[in-house]
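Asks: what's the 3D shape of this:
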Amino acid sequence: MVISIIIVNYNVKYFLEQCLCAVRKATNTIEAEVFVVDNNSTDDSIAYLQTRFPFVQFIYNEENVGFAKANNQVLHRCKGDYILYLNPDTIVPEDCFEKCIAFFENTDDCGAIGVKMIDGSGTFLPESKRGFPSPIASFFKLTGLAEVFPRSPIFNQYSLGYLSPFQNHKVDVLAGAFLMAKSEIIHKIKGFDEAFFMYGEDIDISYRIQQSGYSNYYLADSTILHFKGESTKKGSLNYVKMFYSAMSIFVHKHYSGNKARIFSLFIHTAIVLRAVISIIKSFVVKVGLPLLDALIIFFTLWFVKNEWTVLVRNGLEFTLDNFPMTFFSFTIIFLVTGAVSGMYDKPDKPLKTFFSCISGIVLMIAAYALFPDRLRFSRSVVVLGGIVAAAAITIFRWLLLKINWIEPSDEEYKFQQTAIVGTIEEYKRVHSIFSQAGIEERIIGRISVNENNKNSVGEIKEIKELLNKLNIKELIFCEGTLTNYLIIQLIQTLPRTINYRFIGKNSDSIVGSDSKATSGETLAAEGFYRINESYNKRMKRVVDVFFSIFLLVTFPVQVFFVKGIGSMLKNCIRVLIRNLTWIGYTVNGIKLPVLKKSILTCYGLPVKTVHPLNKEALHHLDLQYAKNYDFWVDIKILLKNYKHLGGY
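Replies: Here you go, the predicted structure:
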């Protein structure tokens, strides 16, 4: 046996389907065995995949035992000369394993190999190659300085940003998403340390491979797709906490005395700084943006009034006494009008923000004419102040976008223009999946990949020109006639603004990942659920947060309307910290998209209530809720069942 491949799965069955399709092709000429360890997934992964991939050995855990322990479960069954730890959200090219094995055979000191990884948009993932997480390197990573200076050998020691991603390098740490090692070494060091539940286990095993007298190598000669890389999670405070926990385990295991204390001091300092930054960022983006805009508008009007007094009126003050109240009124008018005009719909679009502000200026001028004489002071100040405020807010949005405090939003799903890159047969298969989802109108045509150009909008060699001419927003690559190798090479040359999707030969699902803010997008023949769309996920969360804040702010009033006011307060907090959602399923439907536990069901009653319908009928209601989700449904249920928000 040449290679043993171990994949740990948790609720990503469609990504795993594409991964296994790619692995099957990449092992065509290599004697290989494949293990999939499922960590108690609730998305019916095993039942869906087992019959499709009979060459895979599936192991099902009745609880989530973590990444390290799940990998170690099958280590004693591995017979290959090499062991590959592979993430389920990856696609490997056909020649990947052969290149890695050839490198092992030609490099005497090679103990383990990692490869170049790109995300679903074709962007290089810095976790492909990493340095040892020394105290200073960890500090710069956690505080964000590594991101500010990505190519600095001082600030970005952690991701080795100063080393070219296009050249092979000897490195300290390899990513657990793709880590191939000699079997004898892995058995000698007994695999992963199970003290690490998530994060840090790849650092530890890389360190122990080096301690065994071998080197770790980053191989740029092969590139894989890793849809949900570390970059999708690193901005969250939860990630920082888990990283800190992993580093603490690592320090106590491999260090002692002063070195351990110094390391802990750096990590503690970094975690506090990152926590403060995360809290400020969360406040600005989720709560404080309108408040900050209001302050900008108010003080801009005040500034323009003062400058106008000096420069135009030669120091002669206006006779109006109550400027604060007047400016406050103008601020509210400006803010509300701008918000209604879409000022907060897409905060990542500074120009849209500016034009939304214009409507606020227009209404301010109209309102000025309705003000009583005692509140009028200067129409010119109002107009100029409004224009300066609009410019200041626009610049503020641009700055937030530049420092990644506002994530670029994806185009709303239903408005995308989709082209399918494949043969006529492959086009028909994808079209069928879109038809079942009820979104076939998005498809504008096929881009041919062979000499058969009949019924196509163009050829693959014209793809860049077609993207512009046809205003294509989404490309679906069909693996078959096109190889995974060619697809991976191609997306690295195409614009990052396009949403890329992938479907393997003979598979029934389409996967992709558009941005660092999302965990991935899927579309499958077995069922389409609107609740899985990125837009609808965001809007469901918006409804949860809005109602929670509203209930907390108006708490004294709610005593007269809601049963169990104490429970309502607890529910609000738990919804805000993402432990609960206001609206969920009536029964635990294993084949439905996963939702948080809820206070109310989509039937409209509290989850504790005994429902008058039978289980089959309730499951049908859950199915319709997931398939046809609209955030207005949640709002209607909440308003209709207002008195039950305490869960009674």
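
Asks: isn't Pro133 up against Ala246?
Replies: No - using Cβ atoms under 8 Å, Pro133 makes no contact with Ala246, being 9.3 Å away. The C-beta positions use only the backbone N, C-alpha and C, and glycine is treated the same way.

Asks: what do the two both touch?
Replies: Shared contacts of Pro133 and Ala246 (Cβ atoms under 8 Å, 6 or more residues apart in numbering): Ile203.

Asks: so which of these two has more stuff around it?
Replies: Pro133 (25 against 21; other Cβ atoms under 10 Å).

Asks: can I assume that one sits in a strand?
Replies: No - with DSSP: H, G, I helix; E, B strand; the rest coil as the criterion, Pro133 is coil rather than part of a strand.

Asks: strands of the stretch 51-200 of the chain, residue ranges please.
Replies: For the stretch 51-200 of the chain, the strands defined by DSSP state E, counting those that start in this stretch cover 56-61, 82-86, 90-91, 110-118, 169-171, 178-182.

Asks: chain center to the second one, what's the gap?
Replies: What separates the centre of strand 82-86 from the centre of its chain is 26 Å, taken as Cα atoms, centre = their mean, to the nearest Å.

Asks: what packs against that strand?
Replies: strand 3-9, helix 96-106, strand 178-182, helix 183-189 (3 or more Cβ pairs under 8 Å, 6 or more residues apart in numbering; DSSP states H and E).

Asks: let's see it as PDB, backbone CA atoms only.
Replies: Extracted C-alpha coordinates of strand 82-86, given in PDB (Å, rounded to 0.1, in the frame of the first residue of the first chain):
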ATOM      1  CA  TYR A  82       2.700   7.500   3.500                       C
ATOM      2  CA  ILE A  83      -0.200   8.900   5.600                       C
ATOM      3  CA  LEU A  84      -2.100  11.900   4.300                       C
ATOM      4  CA  TYR A  85      -4.300  14.000   6.700                       C
ATOM      5  CA  LEU A  86      -6.800  15.800   4.400                       C
END
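
Asks: adjust the sequence numbering to begin at 164 for everything that follows.
Replies: Taking 164 as the first residue, the last one we looked at is strand 245-249.

Asks: tell me how far Arg542 lies from Val467.
Replies: Distance, Arg542 to Val467, using Cβ to Cβ, to the nearest Å: 12 Å.

Asks: neighbour-wise, which of those two wins?
Replies: Neighbours were counted for Arg542 and for Val467 using other Cβ under 10 Å; Val467 has more, 21 against 12.

Asks: okay, buried residues for whichever strand or helix holds that one please.
Replies: In this assignment (DSSP states H and E), Val467 forms part of helix 452-474. For helix 452-474, burial by neighbour count (16 or more other Cβ atoms under 10 Å) applies to 452, 456-457, 459-461, 463-464, 467-468, 471-472.

Asks: list the helices and strands the longest strand seen in the chain packs on?
Replies: Ranked by residue count, the top strand of the chain under DSSP state E comes out as strand 378-389. Applying 3+ Cβ pairs under 8 Å, 6+ apart, one finds that strand 378-389 contacts strand 253-254, helix 259-269, strand 273-281, strand 332-334, helix 364-374, helix 647-654.

Asks: that one pairs with which strands?
Replies: strand 253-254 (antiparallel), strand 273-281 (parallel), strand 332-334 (antiparallel) (DSSP bridges).
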